[in-house]
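Peer 1: Here is my input; please provide its structure:
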Amino acid sequence: MHSKLLGLAAGIALLALPAAPASASVIEYTSAAAFDAAASGATTYNFEGIAPAGGFAGGSPTIGGVTFTAPFSNEFVADANAGFGNYGASFFSGAQSVFPFVNVTATLAGATAIGFAYGSVLSPLAPVTVTLSTGDTFTLTTPLNNGVDTNFVGFTSSTPITSVSFVESGRDFDVIQFVVASGTPVPLPASALLMLSGLVGVGVMARKRRDIAA
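Peer 2: Okay, here's the model as predicted:
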């Protein structure tokens, strides 16, 4: 009898679950607050100290477990040009005007949550395509206020993210800060938690019935 009850409860709970999206493993966030709530324990990093004040720097440094690379040698900028806001900090410049197509990559060791504050000092900018190692792709729209305004995008995944690539056909894409949480699991939807709690409750009831019968 208790096995029938378990099957019935599981079936009812499954009917209450929402339909799965096209990619059930990755969730995109455009709100930093919502991302922080989903990625507990995440840490925010910036690029201070990589480029000299008013200048550029190259290399592929690893910061917070994330390695940033680009197909040119001056990808880090600390531009003091008063004509632009420049976010008040050093940043990772995803392109320079001589590159019509640029693929810049953040490589990480299997984090399950990563987010970016981004903008451009050379607006307007064509949309940027973001591709995760999971195969999921997203399109970003960059703020047009010349290095003053920024947007946020973040991702959580039920499987490890090992790389994030940004591809643009515009002039400049800049990452100002990033936030990463390694090994942070994606919380289960409330409906899934309801299903699990229901199954546990039915199991307890079945156990009591067996004890009474004994």
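
Peer 1: Which residue ranges of this protein form helices?
Peer 2: For the chain, applying DSSP state H gives helices covering 2-16, 32-38, 190-213.

Peer 1: Show me what counts as buried in the shortest one.
Peer 2: Using 16 or more other C-beta atoms under 10 Å as the test for burial, helix 32-38 gives Ala32, Phe35, Asp36, Ala38. All C-beta spots, glycine's among them, are computed from the backbone N, C-alpha and C.

Peer 1: how about the CA coordinates for it, as CSV?
Peer 2: C-alpha atoms of helix 32-38 as CSV (Å, rounded to 0.1, in the frame of the first residue of the first chain):
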residue,chain,number,x,y,z
ALA,A,32,23.0,41.8,-9.9
ALA,A,33,20.8,41.5,-6.8
ALA,A,34,19.0,38.4,-8.2
PHE,A,35,22.3,36.8,-9.2
ASP,A,36,23.8,37.4,-5.7
ALA,A,37,20.7,35.7,-4.2
ALA,A,38,21.1,32.7,-6.4
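
Peer 1: shaky segments in the chain?
Peer 2: Along the chain, segments meeting pLDDT under 70 span 1-24, 80-85, 88, 94-102, 123-124, 170-171, 183-214.

Peer 1: Strands of that one, start to end?
Peer 2: Counting by DSSP state E, the chain has strands at residues 26-29, 43-45, 56-57, 62-63, 66-69, 76-77, 91-93, 102-119, 128-132, 137-140, 151-168, 174-182.

Peer 1: Starting from the first one, tell me which strands it pairs with and how they run.
Peer 2: If I follow you right, that is strand 26-29. Strand partners for strand 26-29, identified by DSSP bridges, are recorded as strand 151-168 (antiparallel).

Peer 1: could you check the angle strand 128-132 makes with the strand it pairs with?
Peer 2: Angle, strand 151-168 to strand 128-132, by axes from the mean of the first three to the mean of the last three C-alpha atoms, to 10 degrees: 90 degrees.

Peer 1: that older thread, highest average neighbour count across the strands of the chain?
Peer 2: Among those, the stretch with the highest mean neighbour count (mean count of other C-beta atoms under 10 Å) is strand 91-93, at a mean of 27.

Peer 1: Note down every partner strand of it and its orientation.
Peer 2: Applying DSSP bridges to the sheet, strand 91-93 is found paired with strand 76-77 (antiparallel), strand 174-182 (antiparallel).

Peer 1: Any chance of TSV for the ones you listed, columns distance to Asn103?
Peer 2: Output for the strands paired with strand 91-93, formatted as TSV (distance: least, C-beta to C-beta, whole Å):
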stretch	distance to Asn103
strand 76-77	17
strand 174-182	14
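
Peer 1: right, and those - which one's nearest Thr137?
Peer 2: strand 174-182 (17.6 Å; C-beta to C-beta).

Peer 1: can I get the CA coordinates of the closest one in CSV?
Peer 2: The C-alpha coordinates for strand 174-182 follow below in CSV (Å, rounded to 0.1, in the frame of the first residue of the first chain):
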residue,chain,number,x,y,z
ASP,A,174,34.7,46.3,-21.6
VAL,A,175,34.4,44.1,-18.6
ILE,A,176,34.6,46.3,-15.5
GLN,A,177,34.1,43.8,-12.7
PHE,A,178,33.2,40.2,-12.4
VAL,A,179,31.8,38.0,-9.7
VAL,A,180,32.4,34.2,-9.4
ALA,A,181,31.3,31.4,-7.1
SER,A,182,33.1,28.1,-7.5
